[in-house]
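Asker: Model the following, please.
(chains A, B, C and D)
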Protein chains: 4
Amino acid sequence: MQSLGIGLIGTGFMGKAHAIAWANANRVLGGLPPVRLELLCDTPIEKAEAMAGQFGFARAIDDWRRLVDDPAVDVVSITTPNALHRPIAEAALAAGKHVWCEKPLGVTLADGEAMAAAAEASGRTTLVGYNYLRNPAFQHARRLIEEGRIGRLFHLRGFVDEDYQADGSLPWTWRSRRAEAGLGALGDIGVHLVSLLTGLGGPIVSVVAEAAAAYPTRPLPEGGEASVENEDIASALVRFEAGFHGTLVISRAAWGRKGSLGFEAHGTKGMIRFDQERLNELELYVAEGAKSEAGFRTILTSGEHPPYGAFCPAPGHSLGFNDLKVIEAGELLRTIAGGERARPDFAEALAIERVVYAMAESADRDGSRVAVSAMGG
Amino acid sequence: MQSLGIGLIGTGFMGKAHAIAWANANRVLGGLPPVRLELLCDTPIEKAEAMAGQFGFARAIDDWRRLVDDPAVDVVSITTPNALHRPIAEAALAAGKHVWCEKPLGVTLADGEAMAAAAEASGRTTLVGYNYLRNPAFQHARRLIEEGRIGRLFHLRGFVDEDYQADGSLPWTWRSRRAEAGLGALGDIGVHLVSLLTGLGGPIVSVVAEAAAAYPTRPLPEGGEASVENEDIASALVRFEAGFHGTLVISRAAWGRKGSLGFEAHGTKGMIRFDQERLNELELYVAEGAKSEAGFRTILTSGEHPPYGAFCPAPGHSLGFNDLKVIEAGELLRTIAGGERARPDFAEALAIERVVYAMAESADRDGSRVAVSAMGG
Amino acid sequence: MQSLGIGLIGTGFMGKAHAIAWANANRVLGGLPPVRLELLCDTPIEKAEAMAGQFGFARAIDDWRRLVDDPAVDVVSITTPNALHRPIAEAALAAGKHVWCEKPLGVTLADGEAMAAAAEASGRTTLVGYNYLRNPAFQHARRLIEEGRIGRLFHLRGFVDEDYQADGSLPWTWRSRRAEAGLGALGDIGVHLVSLLTGLGGPIVSVVAEAAAAYPTRPLPEGGEASVENEDIASALVRFEAGFHGTLVISRAAWGRKGSLGFEAHGTKGMIRFDQERLNELELYVAEGAKSEAGFRTILTSGEHPPYGAFCPAPGHSLGFNDLKVIEAGELLRTIAGGERARPDFAEALAIERVVYAMAESADRDGSRVAVSAMGG
Amino acid sequence: MQSLGIGLIGTGFMGKAHAIAWANANRVLGGLPPVRLELLCDTPIEKAEAMAGQFGFARAIDDWRRLVDDPAVDVVSITTPNALHRPIAEAALAAGKHVWCEKPLGVTLADGEAMAAAAEASGRTTLVGYNYLRNPAFQHARRLIEEGRIGRLFHLRGFVDEDYQADGSLPWTWRSRRAEAGLGALGDIGVHLVSLLTGLGGPIVSVVAEAAAAYPTRPLPEGGEASVENEDIASALVRFEAGFHGTLVISRAAWGRKGSLGFEAHGTKGMIRFDQERLNELELYVAEGAKSEAGFRTILTSGEHPPYGAFCPAPGHSLGFNDLKVIEAGELLRTIAGGERARPDFAEALAIERVVYAMAESADRDGSRVAVSAMGG
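Answerer: You can find the predicted model right below:
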């Protein structure tokens, strides 16, 4: 297999996660195209150079435009603030690069639409960073549902809760202004939840929703208070194309929750429950066998749940957050090499975002029903 | 204190629970008016007599009309099928008796309104069987919220799940027909959830809701299938008068859940979580102290959580379901003896039911917003 | 069936539990001999009279010797401090009464031996208050093991932990002096653990043990410190007659544990885990079925686990501590009425105590092996 | 900093873990000497070459003797079967290399002694693969204890359970023969437990122990049965130099346990509980504050628990098994670069092993007390 040159833009939380992912995908999973860590971009250049040294990239640069045009770069990883996702992705695709972009696509739905159109026009491979989909526990849940292990689904509940905005004394930032940040918790974490729920239950066709700021204003560093314009908390009732309804609760102000993201899938023959805070566990109840022994079982992930075994042959020894990103990089590489398409690409990520924009729209309209298909162009 | 004569109608699940409650309220809690187990009513009379022997009632009878008129009876316990709640309650109140009635009040909202009016007119003490409110763990949660321990509430989530209708092969019964059974899961268990959430968050003013049958039809014993007319599953977004919104999920078709009923109360300073399946545990997170030690703590109920200590001086030794009913009977006796009013009386129970009728109405109207105040007369 | 007159001595923690148990055994379980709550003994007489009123006993008395001789009394419940167990039991048996006695039998092993001999000589029914054996979850575990559901046992681990002596500032009392209190944690709670483990694994034949005081001295109320002479903490390796070994850990100084008592039973086909702090749950792992779905299942007790259904027909609605005592009283009544013998009687309780005395002996002898059969006369 | 050349011997479970660790230590943790993945050894050479390609090593080889002599290699990673640990380590140290060796040191205690002596003589840095010590949750527990957060320790309980030998139909292998495999579960996993307990409680001075095979014989592939000569299950009472006792339970035949390894540390002011199956959680109870709110809190690891933050800035997002090995490699590199010494080196690992050999000795001698200092030369 021909090797692929990687260009990574950003060295923060997700930048580092991408760097680790690129360096380890083939090392752990095997059978993938080899990669060259070619070019790392950040500003100022001193930072880029220092991180290139640490992350193992051959070169550093402080101008993303030159990165996307660099002939040694075949794949561009975008981990910048959201407002840069669109211009970088468009330029990279125009330059013939494959693109791995963190979620959400952009700051507005129009950004996402433009990005999906650019991806379509380019013919290149795109992938959006919905890393929680890569969890072997989640993939097993999806397989169980597809195989009918819990029967026909008739209710699907989702939750995503963190507490990084729970403290009312945290200062007001641009993240609280709609013009710059776009959505609040819906864009930060709500999209992750939609990715899981539609992964299990298929498309969502309409929503009714509520949204709220935990604090109407937040303190300005220079004194005084400024309004919080986007939501910290959102809740929705949604209808799935498959004919059942579900619920979503979303909060970035949920004290005590650090990375809680999960679901309950209720079916005619059983139930599955999952929470990413215990990412190596899946709870399954199946209505079969002796009633005196029936109960939710806690399944620990293992080699029975691919690709766990590529990380560790011993069961119950646990993957971690960065491992999910390794799997994601591996799926992108497999796609580029001609394998089954990794998901969600830009078009599918746009479909995910339409759902959260429909929620925001419904919340703005006093909880009226909003069709997901009505969102955007 | 003068003793009170008890008349109990019904000897099934809740009939037995009332019998145990009456026999133990003063034995366990102390300081209450003594009771005489006077009269037990069921049909046929042989059954009534046998159960009177077992439950310790002095006499048996097979006609509830004679029970409510019996001069030795001061308090009437109603644990019959729902359709009898209203006529019995009205007759008992008219006869000057105090009434303890199982939830829901009747089969329709009009039943409940009539019962509340009759209670108001009678001047007697009424209490409706919202036993889960009596749990010391719930009472402690309520106290913590009232005292501001988790700050101002900004999100309140509730769930109630059992699986007694999860099996699609269970036969069609009158419980699936609206005319006879009224609401489905909303009336069976949804009202319990509303009692908890309004107990914590205050009145609910409007709702949008979805409802669904787990199975559109169920088999008839004589062959063929009949339609299920009421809901097995319901979900709602609700607005509290206090200015925040919440969510409710309700299912009697939730495989694996046996008595799950609880909430998450999200506030500006912390969170409380509770699930009745672990009725002796309360989970509390408070945003204080060293961050390296922050976490949800699992509080086991004890003498610190009255009236636990009246049952057992040792902490963490657990109350059970029937103990909640003992506490409830005690609160009714205390009210009759002139103490603080036990809640919810018929009027307050009617307010609880208006919320679930509003949900049913919203679900019937495609999830449109329904004001709780618009329900009923 | 002829009714039985009950005489209860003591009105504290266990006295109240016995009173509740006697009042409810037939009410809940049915089919038992009726009982009359005849006589309640405590000092001073005013207290006895007040509690007789609350507990529903016909008469009160302040002299246990007259209670055991009272012709209206058929069964004597002993819930006094341990030092009185022996004289009361001997007198009651001599007077031809059946006896229900709280554990441990007495203050020394010799006390227990004398009591077992007196029981044997009397021909009356005896039962010792090992209430945790009555838990439907425990009984189900025992049944699963007997039926071979987890195969041949090869390891059995037990734990019992509370924290009522964990606080070093608690004052020295007679409970810390060997002459008056006998054993420490071994007698308080260790015997409960032995009752569970021998109930599951059969007789224990030898032990090696360690014991320790959490604090070598405790403060005297009048100032100064006094030595703690008995153990707060004990650990043992034990050999079962059936050919495998097990472990016991016992502490009354285990901060945060309130009523933790349980076991792990390891077998050739599976494992069972139980903890009384979650008394309505049993964890079961069986090595069968798809490996991808294997996991510990949490079984909630229900009507599938007799006699749970006599308390509540709804599954997962939870029994409490006092309910275990109701079951115990029921087993005693069934025995007196000629049914299967309730266990452990005085002789079997003596066998349980020999194990903890062997532990204490081993601990005194630097952890040397002590044969259980070597303990006592 | 000068770069270090890595030579890795073995490509199985731990070989891959070392490869991942070497490739990521500086990438994740930063500030470490850079490493070159120089040479990978396995047999046959085709396998070594394939894995070198996947793992990113520059060269492959099939003779470990040439690897340890290779001038480009500065550090040797030993992940071979146990019988090769000693010869490789001795040769590597003699050649002036630093050595990272998987546990246990060798097949016998004499092996370990020779290795410790060789390490001492060489003056090179050694580290043994006690990866569970690296868990930020464990390190936090250790810190809490050192800082006195739970007071003076008075009881320490440990457990390590997996089920890879629980199935009686698994064939007999060399691992069941003492001459080749040495200890059974004590050497496989018992040493990990000792590393945790002595890490928390300090040195263990004496033990009494039991040991057992889950099955006395196992089937031979060619038919018939052969004896199992070493233990699948072991239990011990141990005395710590600090003056308290503890317990250990160890099983490789514990159905349902996949990676359970942990402890309960009981102190005068609180308790800490940990289980590696939930490696991102620590349970802490501290006896302080309102009793009505006291309970075990579940702490999710985060940036508050170094070096978690180097992997992920978001709290509660979870590390995995391989991350522990990354931390371990980082500690070795820091030591080589002149930083604080990573632990346990060969001498300290020998001290850990003396404890399990003392257990085996005690078990062989019917549970007699064995002084740890009496083990070995």
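Asker: for the helix or strand hosting A:G7, packing partners?
Answerer: According to DSSP states H and E, A:G7 maps onto strand A:4-9. Identification of packing neighbours for strand A:4-9 by 3 or more C-beta pairs under 8 Å, 6 or more residues apart in numbering or on different chains; DSSP states H and E yields helix A:13-29, strand A:35-41, helix A:64-69, strand A:75-78. Using the backbone N, CA and C atoms, a C-beta is placed for each residue, glycine as well.
Asker: hmm, the first one touching chain D?
Answerer: Yes: Helix A:13-29 comes into contact with chain D (C-beta under 8 Å from any C-beta of the partner chain), by way of A:13, A:16-17, A:19-20, A:23-24, A:26-28.
Asker: same deal with the last one?
Answerer: No: taking C-beta under 8 Å from any C-beta as the criterion, strand A:75-78 and chain D are apart, separated by no less than 14.8 Å.
Asker: what does the average pLDDT come to for the helix or strand following that strand?
Answerer: With elements assigned by DSSP H and E, the helix or strand that comes after strand A:75-78 is helix A:85-94. In this model, helix A:85-94 has an average pLDDT of 98.
Asker: And helix A:85-94, what's buried?
Answerer: Neighbour-count burial for helix A:85-94, counted by 16 or more other C-beta atoms under 10 Å in any protein chain shown, picks out A:85-93.
Asker: Give me the distance between that helix and the centre of its chain.
Answerer: From the chain centre to the centre of helix A:85-94 is a distance of 19 Å (C-alpha atoms, centre = their mean, to the nearest Å).
Asker: Which neighbouring elements make contact with it?
Answerer: Going by 3+ C-beta pairs under 8 Å, 6+ apart, helix A:85-94 lies up against helix A:64-69, strand A:75-78, strand A:98-101, helix A:109-122.
Asker: Out of those, indicate the one that is most buried.
Answerer: Per residue and on average, the most neighbours among the helices and strands packed on helix A:85-94 fall to strand A:75-78, with a mean of 28 (mean count of other C-beta atoms under 10 Å in any protein chain shown).
Asker: Partner strands of that strand, with direction?
Answerer: strand A:4-9 (parallel), strand A:98-101 (parallel) (DSSP bridges).
Asker: for the spatially most central residue of chain A, what are its contacts?
Answerer: In chain A, the centroid-proximal residue (C-alpha atoms, centre = their mean) is A:Y130; its distance is 2.5 Å. Residues counted as contacts of A:Y130 (C-beta atoms under 8 Å, 6 or more residues apart in numbering or on different chains) are A:103, A:191-192, A:195, A:328, A:344, A:349, A:352.
Asker: For the helix or strand of chain A with the lowest mean pLDDT, buried residues please.
Answerer: In chain A, no helix or strand scores lower on mean pLDDT, DSSP states H and E than helix A:178-181, which sits at a mean of 82. The neighbour-count check on helix A:178-181 (16+ other C-beta under 10 Å) flags A:A181 as buried.
Asker: and it, how far out from the chain's middle?
Answerer: 20 Å.
Asker: do stretch A:242-253 as well
Answerer: Per C-alpha atoms, centre = their mean, the centroid offset for stretch A:242-253 relative to its chain is 16 Å.
Asker: could I get the helices and strands packed on strand A:4-9 as TSV with mean pLDDT and distance to B:R66?
Answerer: Formatted as TSV, the helices and strands packed on strand A:4-9 follow (pLDDT from 0 to 100; distance: least, C-beta to C-beta, whole Å):
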stretch	mean pLDDT	distance to B:R66
helix A:13-29	98	75
strand A:35-41	98	87
helix A:64-69	98	88
strand A:75-78	98	80
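Asker: Put together TSV for these, with distance to C:E277 on each row.
Answerer: TSV is the format used below for those (distance: least, C-beta to C-beta, whole Å):
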stretch	distance to C:E277
helix A:13-29	39
strand A:35-41	51
helix A:64-69	56
strand A:75-78	49
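Asker: looking at these, which is buried most?
Answerer: Neighbour counts averaged per stretch over the helices and strands packed on strand A:4-9 are highest for strand A:75-78, at a mean of 28; criterion: mean count of other C-beta under 10 Å.
Asker: now what about that one, what contacts it?
Answerer: A:4-10, A:15, A:18, A:22, A:35, A:67-68, A:84-85, A:88-89, A:92, A:97-102, A:332, A:336.
Asker: Kindly export it (C-alpha atoms) in CSV.
Answerer: The C-alpha trace of strand A:75-78 is given here as CSV (Å, rounded to 0.1, in the frame of the first residue of the first chain):
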residue,chain,number,x,y,z
VAL,A,75,-5.1,13.9,4.2
VAL,A,76,-5.9,17.0,6.2
SER,A,77,-7.0,16.8,9.9
ILE,A,78,-9.0,19.8,11.0
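Asker: How far does it sit from its chain's centre?
Answerer: 16 Å.
Asker: How about stretch A:326-336?
Answerer: 15 Å.
Asker: That stretch close to chain D?
Answerer: No: for stretch A:326-336, no contact with chain D is found by C-beta under 8 Å from any C-beta; the gap never falls below 9.4 Å.
Asker: is it true that A:G158 lies in a helix?
Answerer: No: under DSSP: H, G, I helix; E, B strand; the rest coil, A:G158 falls outside any helix and is assigned strand.
Asker: any idea how far it lies from chain B?
Answerer: Distance of A:G158 to chain B, given as C-beta to the nearest C-beta, to the nearest Å: 11 Å.
Asker: Test my guess that that residue contacts A:A265.
Answerer: No: contact criterion C-beta atoms under 8 Å: A:G158 and A:A265 do not qualify, at 9.4 Å.
Asker: Please consider this matter closed, and thank you.
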